[in-house]
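Undergrad: the following block contains a protein sequence and its predicted model.
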Number of protein chains: 2
Amino acid sequence: MKAHATYAGASCHHGQAGESCANCKVRLVSVCSALEAADLHLLEEMARSVCFPAKATLFSQGDPADAVYTITSGVARLYKLLPDGRRQIVGFALPGDFLGLAMQEANGFSVDAVDPVVACRFPRKAYAALVDEKPHVLHRLHEFATHELTLAQDHMMLLGRRTAEEKVVAFLLGMRERWAKLDRLSINVPLPMSRQDIADFLGLTIETVSRTFTKLARDKTIVIVPDGVRLMNLEHMETLAAA
Amino acid sequence: MKAHATYAGASCHHGQAGESCANCKVRLVSVCSALEAADLHLLEEMARSVCFPAKATLFSQGDPADAVYTITSGVARLYKLLPDGRRQIVGFALPGDFLGLAMQEANGFSVDAVDPVVACRFPRKAYAALVDEKPHVLHRLHEFATHELTLAQDHMMLLGRRTAEEKVVAFLLGMRERWAKLDRLSINVPLPMSRQDIADFLGLTIETVSRTFTKLARDKTIVIVPDGVRLMNLEHMETLAAA
DNA sequence: CGAAGAATTGAGTCCTATCAAATGCCGTGG
DNA sequence: CCACGGCATTTGATAGGACTCAATTCTTCG
């Protein structure tokens, strides 16, 4: 199961600056799609491709936000911590996703790489200037923000009012849909994140997540495969998630 | 305890169009602050003051979004429902708050009045046109959206990882802060919404909310008063909420 | 004053968390 | 190649916090 191999295979060796935005695999699904071909070189001037090995930190909650990112390949987790160590993952960023919508002085959450991540980094000041100059980009940014807000509201529903099984099923369907937009639609859903990550996303413990996976597997609703799951009974899952 | 009497007292009798945006009590905290005095008449042309008695519906999830609103007085609840009736309140809208950030075809949640609500209604098309024309307004809208997103992420942390007592305490502190920005800072926190609303906001049951209030009152952390609570031990509450 | 809804209180249960142990999975190095 | 060690995951047993069901008590308002 390497459904996301296309993205995972992206470069990170040649280091240096953004090897041409025009060829960027995620451009059309990213904020950059707001720019005409003519403006792309503006981006290239400020962009810089950076990579992070698995578990590396892109930035931390409270840090001054000196840059924004678009994920080029790999998956990152966005999370908040309580002083006593409890963690809530507020989202997973997939290729094409934008980090830094808030445009605030300090980051509201921490982000680190789940698997090796390649991202396009823009200095915040230069980026803010571009946004001020091109209302079109701001418009696109606002679209992203409201989309995120919608996702956040759906997730509140999930966290506050759904059972463990419903949470896991909704999570799997959600991941499937997100991969489908990037890759090819597949009943194989890649899950690069750990069970602990899933638990912290769904407001559960790792044990409950694990038990729920095995229960779904016993039901023949899913099959657990290396690095992911295969969905065997979509209809049943949709029913559970709608419930 | 009528800490919000200033707003609750706002007009709704004379009906008709927006009695001058320049005099609007919430203008400076609303999206409208993005407009110069010179542009305010543009708003007045499209705005229309509307009022809703307690429990009335402003709009429902899935409805075509034909208007956006700024709350002028009163409190509204934003919520999502599951087919089986479970409800998650995703936020409370106070005076100055904006409804319709998404600018999408269909509303992503339902909204109804907790107590009598007065709102400033803008037809969506006219509003969208204004936004397209004035990047400054879009910028302000985006500020609101990212602020909402930050609140939503904090709320995910609360829903997923906090205990019942922490939830209630964080809720009270949050409401206190929001009223403080409108009204005068006070240890009296108005709570126009019902216990059931609070429960559906915090991902708890009404009984658990009630028991937690009683426990906090026994502790002398709060005093329960008609239409709200009085916070008697802020320091203790901050500790619980930080934890 | 009395009815209807809201809030509180009580008793018992259940879902999920907690604590603990076993198993599986890899990369390392002999 | 395979044994070893460390980490992730699964499985088991038990406990507890919040839920459910049910009964009062309190408010509000006609």
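TA: Yep, that arrived.
Undergrad: shouldn't A:Lys215 be within a strand?
TA: No: using DSSP: H, G, I helix; E, B strand; the rest coil, the assignment for A:Lys215 is helix, not a strand.
Undergrad: these two touch, right, it and A:Thr163?
TA: No: counting by CB atoms under 8 Å, A:Lys215 stays clear of A:Thr163, with 11.9 Å between them. For the C-beta atoms, the positions are set from N, CA and C on the backbone; glycine is no exception.
Undergrad: tell me who's in contact with A:Ser210.
TA: Residues in contact with A:Ser210 (CB atoms under 8 Å, 6 or more residues apart in numbering or on different chains) are A:Arg195.
Undergrad: for it, phi and psi?
TA: A:Ser210 adopts backbone torsions of phi -60, psi -50, taken as degrees, to the nearest 10.
Undergrad: in the sheet, who's paired with the most centrally placed residue in chain A?
TA: What sits nearest the mean C-alpha location of chain A, by CA atoms, centre = their mean, is A:Ala93, with 1.3 Å. Using DSSP bridges, the bridge partners assigned to A:Ala93 are A:Ala76.
Undergrad: that one and A:Thr72 touch, don't they?
TA: No: the criterion here is CB under 8 Å, and A:Ala93 misses it with A:Thr72 at 10.9 Å.
Undergrad: where in chain A is pLDDT low?
TA: Low-confidence segments of chain A, defined by pLDDT under 70: A:1-19.
Undergrad: what are the boundaries of the strands in chain A?
TA: Along chain A, the stretches classed as strands by DSSP state E are A:48-52, A:57-59, A:67-73, A:76-81, A:87-93, A:98-99, A:110-113, A:117-123, A:188-190, A:222-225, A:228-231.
Undergrad: so does the fifth one get close to DNA strand D?
TA: Which is strand A:87-93. No: Strand A:87-93 is not in contact with DNA strand D by CB under 7 Å from any atom of the strand; minimum separation 13.4 Å.
Undergrad: send me that strand as PDB with only the CA atoms.
TA: Provided in PDB are the C-alpha atoms of strand A:87-93 (Å, rounded to 0.1, in the frame of the first residue of the first chain):
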ATOM      1  CA  ARG A  87      -2.400  16.500  23.500                       C
ATOM      2  CA  GLN A  88      -5.200  17.400  21.000                       C
ATOM      3  CA  ILE A  89      -4.300  17.000  17.400                       C
ATOM      4  CA  VAL A  90      -6.400  19.700  15.600                       C
ATOM      5  CA  GLY A  91      -5.700  18.400  12.100                       C
ATOM      6  CA  PHE A  92      -3.500  16.600   9.700                       C
ATOM      7  CA  ALA A  93      -1.900  18.500   6.900                       C
END
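Undergrad: what helices or strands is it leaning on?
TA: strand A:76-81, helix A:135-161, helix A:195-202, helix B:135-161 (3 or more CB pairs under 8 Å, 6 or more residues apart in numbering or on different chains; DSSP states H and E).
Undergrad: mind listing what the nearest residue to A:Met156 once chain neighbours are set aside touches?
TA: Setting aside the residues directly before and after it, A:Met156 is nearest to B:Val90 in space (CB to CB, 6 or more residues apart in numbering or on different chains), at 5.2 Å. Residues near B:Val90 by CB under 8 Å, 6+ apart: A:153, A:156-157, B:78-80, B:109, B:152, B:155.
Undergrad: of those, buried ones?
TA: A:153, A:156-157, B:78-80, B:109, B:152, B:155 (16 or more other CB atoms under 10 Å in any protein chain shown).
Undergrad: which parts of stretch A:180-195 are buried?
TA: For stretch A:180-195, burial by neighbour count (16+ other CB under 10 Å) applies to A:182-183, A:186, A:188-193, A:195.
Undergrad: nearest to DNA strand D among the residues you listed?
TA: Among the buried residues of stretch A:180-195, A:Arg195 lies closest to DNA strand D (CB to the nearest atom of the strand), at 3.7 Å.
Undergrad: wait, that closest one touches A:Val209, no?
TA: Yes: applying CB under 8 Å, one finds A:Arg195 in contact with A:Val209, separated by 5.2 Å.
Undergrad: wait, which of the strands of chain A is closest to DNA strand C?
TA: The nearest among the strands of chain A, by CB to the nearest atom of the strand, is strand A:222-225 at 9.3 Å.
Undergrad: one step back: got the buried residues of stretch A:180-195 as TSV, with distance to A:Glu143 columns?
TA: Shown next, in TSV, are the buried residues of stretch A:180-195 (distance: CB to CB, whole Å):
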residue	distance to A:Glu143
A:Leu182	18
A:Asp183	22
A:Ser186	27
A:Asn188	30
A:Val189	26
A:Pro190	26
A:Leu191	28
A:Pro192	26
A:Met193	26
A:Arg195	33
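Undergrad: dump those into a markdown table; add distance to DNA strand D as well.
TA: As requested, the buried residues of stretch A:180-195 are arranged in a markdown table below (distance: CB to the nearest atom of the strand, whole Å):
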| residue | distance to DNA strand D |
| --- | --- |
| A:Leu182 | 22 |
| A:Asp183 | 21 |
| A:Ser186 | 20 |
| A:Asn188 | 16 |
| A:Val189 | 14 |
| A:Pro190 | 13 |
| A:Leu191 | 8 |
| A:Pro192 | 10 |
| A:Met193 | 8 |
| A:Arg195 | 4 |
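Undergrad: wait, which of those residues is closest to A:Ile222?
TA: Nearest to A:Ile222 among these is A:Val189, at 8.7 Å by CB to CB.
Undergrad: surely A:Val26 and A:Gly74 touch.
TA: No: counting by CB under 8 Å, A:Val26 does not reach A:Gly74; the two are 11.2 Å apart.
Undergrad: more neighbours, those two?
TA: Counting neighbours by other CB atoms under 10 Å in any protein chain shown for A:Val26 and for A:Gly74 shows that A:Gly74 has the greater number, 25 against 21.
Undergrad: what's the spacing between the nearest residue to the more buried one once chain neighbours are set aside and B:Ile89?
TA: Leaving aside its chain neighbours, A:Gly74 sits nearest to A:Val117 (3.5 Å; criterion: CB to CB, 6+ apart). Remark: distance between A:Val117 and B:Ile89 (CB to CB, to the nearest Å) = 35 Å.
Undergrad: who in chain A is up against DNA strand D?
TA: Residues of chain A lying near DNA strand D by CB under 7 Å from any atom of the strand: A:194-196, A:206-207, A:209-211, A:213-214, A:224.
Undergrad: domain-wise, how is chain A divided?
TA: As assigned by automatic domain parsing, chain A contains the domains A:10-150, A:159-241.
Undergrad: let's have the ones you listed in a markdown table, adding distance to DNA strand C.
TA: Formatted as a markdown table, the domains of chain A follow (distance: least, CB to the nearest atom of the strand, whole Å):
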| stretch | distance to DNA strand C |
| --- | --- |
| domain A:10-150 | 9 |
| domain A:159-241 | 3 |
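Undergrad: of the ones you listed, which approaches B:Cys32 most closely?
TA: Closest to B:Cys32 of these is domain A:10-150 (CB to CB; 17.5 Å).
Undergrad: distance from that closest one to the middle of the chain?
TA: Offset of domain A:10-150 from its chain centre (CA atoms, centre = their mean, to the nearest Å): 10 Å.
Undergrad: which one of the buried ones among the contacts of B:Val90 is nearest to A:Ala126?
TA: Here the nearest of the buried ones among the contacts of B:Val90 to A:Ala126, counting by CB to CB, is B:Ala152; it sits at 28.1 Å.
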